[in-house]
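Peer 1: attaching a predicted model along with its sequence, questions to come.
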Amino acid sequence: MTEKGLLSLVLHAHLPFVRHPEHEYFLEENWLYEAVTETYIPLIRMFEGLERDAVHFRLTMSLTPPLISMLTDSLLQDRYLRHLDKLIELAEKETERTRFLEDMRDTAHHYLEQFRHARETYLRYGRDLTRAFRRFQDAGFLEIITCGATHGFLPLIHRTDTAVRAQVLTAVRQYEETFGRAPQGIWLPECGYTPGIDRFLKEAGIRYFLTDTHGILHAAPRPKYGVFAPVFCPTGVAAFGRDTESSKQVWSAAEGYPGDYDYREFYRDIGFDLDFDYIKPYISPDGLRVSTGIKYHRITGPTEHKEPYVRSRAVEKAAVHAGNFLFNRVKQAEYLHDFLGRKPVIVAPYDAELYGHWWYEGPEFLNFLIRKTACDQRILRLATPMDALRENPVNQVCTPSFSSWGWKGYAETWLSDASHWIYRHLHKAALRMSELADRFRVKGGALSQRALNQAARELLLAQSSDWAFIMHTGTMVPYAVKRTRDHLLNFTRLYEDLLSGKIDEQWLGSIESRNNIFPRIDYRVYCAKD
């Protein structure tokens, strides 16, 4: 059989930087703990199983700088382990509570096994999961790409060149420190591209980026092969566009696999369902009910009535859906190969947290898909974007259009009535940061350098697209507003203290301890280019 296409699966692993040492417990830190237990460790265990069974695969993952920073932070590592130990304790109680409940007993044992496996895996990699991802990249299975330093939406923070350059170069430097090599690709935050952004990618040594479908289809000139081949920007940086068909089968609320009635229901959790006195030790210390991750129901249907979750049936359905997805991609590749006269590159990008956290059976789906692709056919091959570039080094030169993968495809998600107020402050802070970097280009005293580096951290953290996204969606809005204001206020105070020559070292130490992202940052990344 002749190979007729390449399938490039891309998982975007990102969480905003949330770290609060000033509090013993902080609710939003659970975002990390849930993703580690339900997405990152299951993916790592899937990689280990594929390697053990000699199933060769090629997969692309972005690990964003905020996520890397949290995964390697000793405070959060300690807190996650405590969180996991509490989950194991709760799951042990659940196996006892449900031992005579036939509809729940097997599921309770499943959770206990999952949490124990998570703990074993976490400790085996020294509590630093970036070591696991690096191992699979070094072994040739995984291609890890970078992102913006704090996931800043580049089209909206491009008030100055230095604002974009700092986001890109800071990310690249952290990647090199973490993975021992330079990144070849980048997931532009929110797939946000506007003409000219590729200049900064070229400067940083980035070979390619990903954009949404219309970013390629609306390129100038119009690309001959649509999104099924990379295009080169005038700078020589390649752009890959998202395939809508493969995305729709997974993402679509109406047509996507995750909505199948046999899959686990995300919104029914024992943190809300069980007696308060029983569940109290495992929810928020202030008594606020939160999700524990233990859920006993399946989606069932569009009503509030939910039937018990049957794990074996859900896993079987994941296998069926993986087979269906592969069948459709093979037919797609066969048609496109004959129509285009070349192997199409089918790029299927997703949020990594979809697999396991939101769609509990997602890792099983991926596992079946990778194994079926390797063993059941020869038409389609898994490949990374860099593999595709190596095999097809000559491509059309185009300028992609302004685009994102947000609602309506442009900037409305991050520039809405709820969040538009932030940008005048971000732009002013970016101008001031460049001013500081140029003024203090020649290194001064140690205290001034600390203040300058912290000012850079505070600006980068304020630029995170997550805060504007949260404001737009209306979830956890007070937290997002507070984070934006706090970082901007911290930056402004540092700016004024540096210009006056009066730096409060005690206060500086407190925010260095709290907002400790990028410990080796160099503020001179904001200097104007000579």
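Peer 2: Looks like it came in fine.

Peer 1: when you work out contacts or count neighbours from here on, use the C-alpha atoms and nothing else.
Peer 2: Will do.

Peer 1: any idea how many residues pack against Glu512?
Peer 2: By other Cα atoms under 10 Å, the residues close to Glu512 number 19.

Peer 1: so who does it touch?
Peer 2: By Cα atoms under 8 Å, 6 or more residues apart in numbering, the residues touching Glu512 are Gln454.

Peer 1: buried residues in the helix or strand of the chain with the lowest mean pLDDT?
Peer 2: Least confident helix or strand, the chain: helix 244-251 with a mean of 89, by mean pLDDT, DSSP states H and E. By neighbour count on 16 or more other Cα atoms under 10 Å, the buried set for helix 244-251 is 244, 246, 249-251.

Peer 1: any stretches of this structure with poor pLDDT?
Peer 2: Where the chain drops to pLDDT under 70, the residues are 253, 530.

Peer 1: restrict the least confident helix or strand of the chain to CA atoms and write it as CSV.
Peer 2: Below are the C-alpha coordinates for helix 244-251, written out as CSV (Å, rounded to 0.1, in the frame of the first residue of the first chain):
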residue,chain,number,x,y,z
THR,A,244,-11.4,21.6,10.3
GLU,A,245,-12.7,18.1,9.8
SER,A,246,-10.5,16.4,12.3
SER,A,247,-11.1,19.2,14.8
LYS,A,248,-14.9,19.0,14.4
GLN,A,249,-15.0,15.3,15.2
VAL,A,250,-13.4,15.9,18.6
TRP,A,251,-14.3,19.5,19.5
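
Peer 1: helix or strand right after it?
Peer 2: helix 270-273 (DSSP states H and E).

Peer 1: can you give me how far the next helix or strand after that next one is from the chain middle?
Peer 2: Next along the chain after helix 270-273, taking DSSP H and E as the criterion, comes helix 276-279. Mean C-alpha position of helix 276-279 versus that of the full chain (Cα atoms, centre = their mean, to the nearest Å) differs by 34 Å.

Peer 1: now swap in stretch 449-469 and tell me
Peer 2: Distance of stretch 449-469 from its chain centroid, counting by Cα atoms, centre = their mean, is 19 Å.

Peer 1: quick one on the thing from earlier: wait, which of the buried residues of helix 244-251 is closest to Ala314?
Peer 2: Nearest to Ala314 among the buried residues of helix 244-251: Val250, at 15.7 Å, using Cα to Cα.

Peer 1: next one: the closest one from Ala451, what distance?
Peer 2: Distance, Val250 to Ala451, using Cα to Cα, to the nearest Å: 46 Å.

Peer 1: now swap in Tyr175 and tell me
Peer 2: Tyr175 is 24 Å from Ala451, by Cα to Cα.

Peer 1: show me how the chain divides into domains.
Peer 2: 5-72+128-252+343-408, 414-526 (automatic domain parsing).

Peer 1: okay, the ones you listed in JSON lines with distance to Arg289 next?
Peer 2: JSON lines is the format used below for the domains of the chain (distance: least, Cα to Cα, whole Å):
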{"stretch": "domain 5-72+128-252+343-408", "distance to Arg289": "11"}
{"stretch": "domain 414-526", "distance to Arg289": "15"}
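
Peer 1: select, out of these, the one closest to Ile283.
Peer 2: Short answer: domain 5-72+128-252+343-408, nearest of the domains of the chain by Cα to Cα, at 9.6 Å.

Peer 1: sorry, back to before: what's in contact with the least confident helix or strand of the chain?
Peer 2: 213, 255-258, 325, 329, 348-350.

Peer 1: element containing Trp405, please.
Peer 2: According to DSSP H and E, Trp405 maps onto no helix or strand at all.

Peer 1: for Pro65, what are its contacts?
Peer 2: Taking Cα under 8 Å, 6+ apart as the test, what Pro65 contacts is 146-150, 171, 174-175.

Peer 1: isn't Tyr282 up against Leu90?
Peer 2: Yes: the pair Tyr282 / Leu90 is scored as a contact, 7.3 Å apart, by Cα atoms under 8 Å.

Peer 1: higher neighbour count, the two?
Peer 2: With neighbours defined as other Cα under 10 Å, Tyr282 and Leu90 compare such that Leu90 has more, 21 against 18.
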